[in-house]
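Chemist: Here is my input, please return the structure:
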Amino acid sequence: MILDNIVNQVNRKLAQRKSSYSEQRIDEDISIFERFPQHRFINAVRRVQGTSLKIIAEIKKASPSRGIIRKNFDPLGIAQIYTDLNVDAISVLTEPDFFQGSLDYLKCISERFSTPLLRKDFIVDSYQIKEALLNGASAVLLIASILSAEQLRNFITLCDELTLDYILEVHDENDLNKALKVNPAVIGINNRDLKTFHVDIRTTERLKKNVPAGTVIIGESGVHTETDVQYLNDLGIDAVLIGEGLMKYDDVKSQFHSLFGVIKS
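Modeler: As a prediction, this is how the structure comes out:
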């Protein structure tokens with residue numbers, strides 16, 4: 001399964017990084033690191049009554065299901081476009097082998113732009129959460145399907161200690177039941193099944209019904225048309241995370257306006 005292969009490779013690469021940059025050293029660096037204000041990411045993507053859908057735009061070169069999505073890939077250039085478009089947050093892929101991402105992209109973008117950043121990766125260890133902070137992230141992605149309830153609880157506790165926000169990502173009822181055990185502040189409903197990579201945008205509507213009131217809800221994946229945007233906007237969720245729906249177009253600005261003009265006009 002692709003997801004198993006990704007997680008196995010993440011663990012292998014993680015062991016290599018720990019051997020060259022120990023957890024003791026990363027903890028020492030964190031102790032003197034200037035933190036972002038608490039809930040910087042959540043406050044940016046929480047939808048206030050009477051306002052339109054918030055937008056998390058993703059910087060993404062490739063994926064296992066689509067291969068290379070953007071050949072002329074310039075992370076800083078894309079971040080500049082998103083900043084000019086006044087998106088609410090930026091998601092940066094940092095997984096190198098299957099998505100051709102990099103922590104360096106995250107760090108460089110954080111040094112140049114003030115928009116809250118999400119580290120988009122397959123988090124399996126507290127070390128990665130600490131890496132995210134040191135490289136400029138305001139939030140991390142926690143995927144329910146690859147983590148136990150105990151791991152989720154521990155990782156959320158660590159995020160709180162580091163003043164990092166998170167998106168707890170779910171795809172089905174089993175994921176959601178696991179997530180609700182840890183009372184998450186933010187739930188991301190991924191319309192893409194990470195086991196099959198099949199996408200059904202109605203997943204957001206189906207799972208949203210069982211998310212407690214007050215939880216920030218983010219719809220992820222499957223946004224390709226103005227109709228998709230209007231559908232998610234009308235559901236009343238807080239935000240949408242969009243990657244491929246922007247990245248595969250040469251003119252990102254034009255595609256952005258064609259998708260979101262209906263709700264941002």
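
Chemist: could you measure residue 243 against residue 63, distance?
Modeler: 8 Å (Cβ to Cβ, to the nearest Å). (Each C-beta comes from the backbone N, C-alpha and C, glycine too.)

Chemist: again, but for residue 17
Modeler: 23 Å.

Chemist: Let me see the ranges of the helices in the stretch 151-265 of the chain.
Modeler: 173-180, 202-208, 226-235, 244-247, 252-264 (DSSP state H, counting those that start in this stretch).

Chemist: Output whichever helix or strand residue 129 is part of as CSV - backbone C-alpha positions only.
Modeler: For residue 129, the host element (DSSP states H and E) is helix 126-134. Coordinates of each C-alpha in helix 126-134 appear next as CSV, following Å, rounded to 0.1, in the frame of the first residue of the first chain:
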residue,chain,number,x,y,z
SER,A,126,7.6,14.2,18.3
TYR,A,127,10.9,15.0,16.6
GLN,A,128,9.1,16.1,13.5
ILE,A,129,6.9,18.5,15.4
LYS,A,130,9.9,20.1,16.9
GLU,A,131,11.5,20.3,13.4
ALA,A,132,8.4,22.1,12.2
LEU,A,133,8.6,24.7,14.9
LEU,A,134,12.3,25.4,14.2
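
Chemist: Which elements pack onto the next helix or strand after that helix?
Modeler: Using DSSP H and E, the next helix or strand after helix 126-134 towards the C-terminus is strand 139-143. Identification of packing neighbours for strand 139-143 by 3 or more Cβ pairs under 8 Å, 6 or more residues apart in numbering; DSSP states H and E yields strand 117-120, helix 126-134, helix 149-162, strand 165-170.
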